[in-house]
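Enquirer: predicted structure and sequence below. I'll ask about it afterward.
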Amino acid sequence: MDGGSLRTLDWAGGPDGVVEMVDQTALPGAYTVLRIDNVPDMVAAIQRLSVRGAPAIGVAGAFGVALAVRAHGTSGPAFEAAVASLRQARPTAVNLARMVDRAASKASEGFDAVLAEAATIRDEELAASHAMGSLGADLVLDLVGRADIRAMTICNTGGLAAVERGTALAVIQTLHERGRLAEALALETRPLLQGARLTAWELDRMGAPHRLLVDSAGPFMLARGQADVVLTGADRVAANGDTANKIGTFSLALGARHAGVPFIVVAPESTVDADTPDGAGIAIEDRGTDEVVSLAGASTAPDGTAAANPAFDVTPAEFITAVVTDQRVVRLDQNQTPA
Ligand code: MRU
């Protein structure tokens, strides 16, 4: 794995192999590849966001099950505990629990079967990224009557978040490759700056024109007619279309509605959760006080300040124009639902 082709994570080697992943906490300052060979380290990597983004943590969790089988065998309390720790590492993105379960369902067939299932999940997410990029770009060009598109986005939904290429950022990349991107407007994404650190880095790598905004500038820029479309990813899309995504997404949806701009969610089918009827049933991760009262280790609030830190919000379906998956375009504005 090197900096040339951006693959977020993969299994390296045979049965004795490791999971290699780009350490997203080190970007953009350093491109570092971690080599994970046990479940506790995988859980820690997911929780500190060395690997992040719904599709990517799903694949990481699946490879983690292979590490669990190698350490503990195919059944028994230690194996079950390891699988549970992977499954519960983060609560909001449905991909994690879903892909851990999928890989674990092969445990009775042995290590090779589990590893093969994880590799299949990886390959499915890769293919999905290409399909979403293309379907999403077609939809944007259909909805927006301009030759060159100005697209606003939040968090990081690129190759880093989804093995390669990504979801919403894959649409932006496809528009750029088709010569139809005027500009990407990336929100910095407080508190952990996935937009500033990761999306700006990916846009730069792909040579796409872009500007960075503080989060609170998003709705205002929309109101001033500075963007033609908002494209976001998702951590979980409920059956009715309510969508959990990075905190700040809901504000953008409100701003887009106010400005009459399409608001499009781009997420693979693996992120659509038919078992959750609506957004009220989505567990939202709270990441605690430190991320809010400090930045890069330096205090930004008086000592002892209490904080709330929801990592995600839920955008009601009524504010979403469409959900683009790898297989279909669900027009919520035309009363279609994902499940
Ligand atoms: O906390 P993060 O960085 O994992 O949050 C990620 C997001 O909210 C993404 O928009 C979502 O997972 C989709 S990634 C293709």
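Expert: Everything's here; your move.
Enquirer: wait, doesn't Ala128 sit right on Asp326?
Expert: Yes - at 3.6 Å, Ala128 and Asp326 qualify as touching, with contact defined as C-beta atoms under 8 Å. From N, CA and C alone the C-beta is placed, and that goes for glycine too.
Enquirer: spit out the residues that contact those two alike.
Expert: Common contact partners of Ala128 and Asp326 (C-beta atoms under 8 Å, 6 or more residues apart in numbering): 268-269.
Enquirer: in the stretch 1-150 of the chain, what spans have low per-residue confidence?
Expert: Regions of the stretch 1-150 of the chain meeting the criterion pLDDT under 70 cover residues 1-6.
Enquirer: ok, for the residue in the chain that the ligand sits nearest to, nearest residue in space, not its chain neighbours?
Expert: Closest to the ligand within the chain is Gly233: 2.8 Å, counting by C-beta to the nearest ligand atom. Closest residue to Gly233 apart from its sequence neighbours, by C-beta to C-beta, 6 or more residues apart in numbering: Thr157 at 3.6 Å.
Enquirer: which strand or helix spans that neighbour?
Expert: Under the criterion DSSP states H and E, no helix or strand holds Thr157.
Enquirer: which ones are touching it?
Expert: Contacts of Thr157 (C-beta under 8 Å, 6+ apart): 53, 166-170, 199, 231-233, 266.
Enquirer: quick one: buried residues of stretch 131-141?
Expert: The neighbour-count check on stretch 131-141 (16 or more other C-beta atoms under 10 Å) flags 131-137, 139-141 as buried.
Enquirer: quick revisit: what about the residue of the chain closest to the ligand, distance to Ala244?
Expert: Going from Gly233 to Ala244 by C-beta to C-beta, to the nearest Å gives 10 Å.
Enquirer: next: Leu222.
Expert: Note on Leu222: its distance to Ala244, by C-beta to C-beta, is 21 Å.
Enquirer: between the two, who's got more neighbours?
Expert: Neighbour count, other C-beta atoms under 10 Å: between Leu222 and Ala244, Ala244 has more, with 29 against 25.
Enquirer: list phi and psi for Leu254.
Expert: For Leu254, the backbone dihedrals are phi -60, psi -40 (criterion: degrees, to the nearest 10).
Enquirer: meant to ask about Ala161
Expert: Taking degrees, to the nearest 10 as the convention, Ala161 sits at phi -90, psi -10.
Enquirer: how many neighbours does the closest residue to it other than its chain neighbours have?
Expert: The spatial neighbour of Ala161 that comes closest, neighbours along the chain excluded (C-beta to C-beta, 6+ apart), is Gly53 at 2.4 Å. A count of neighbours around Gly53, defined by other C-beta under 10 Å, yields 31.
Enquirer: pretty sure Gly53 contacts Leu160?
Expert: Yes - with contact defined as C-beta under 8 Å, Gly53 counts as touching Leu160 (6.4 Å).
Enquirer: residue numbers of the stretch 101-250 of the chain in contact with the ligand?
Expert: 155, 157, 161-162, 166-167, 194, 233-235, 245-246 (C-beta under 6 Å from any ligand atom).
Enquirer: most surrounded residue in the residues you listed?
Expert: Going by other C-beta under 10 Å, Thr157 tops those with 35 neighbours.
Enquirer: shared neighbours of Gly53 and Leu160, anything?
Expert: Taking C-beta under 8 Å, 6+ apart as the criterion, Gly53 and Leu160 both touch 8, 166.
Enquirer: about what we covered before: so which of the buried residues of stretch 131-141 is the closest to Ile57?
Expert: Checking those against Ile57 with C-beta to C-beta, the nearest one is Met132 at 17.4 Å.
Enquirer: which helices and strands does the longest strand along the chain pack with?
Expert: If you go by DSSP state E, the chain has its longest strand at strand 181-187. Contact partners of strand 181-187 among helices and strands, from 3 or more C-beta pairs under 8 Å, 6 or more residues apart in numbering; DSSP states H and E: strand 149-153, helix 168-177, helix 200-205, strand 210-213, helix 217-223.
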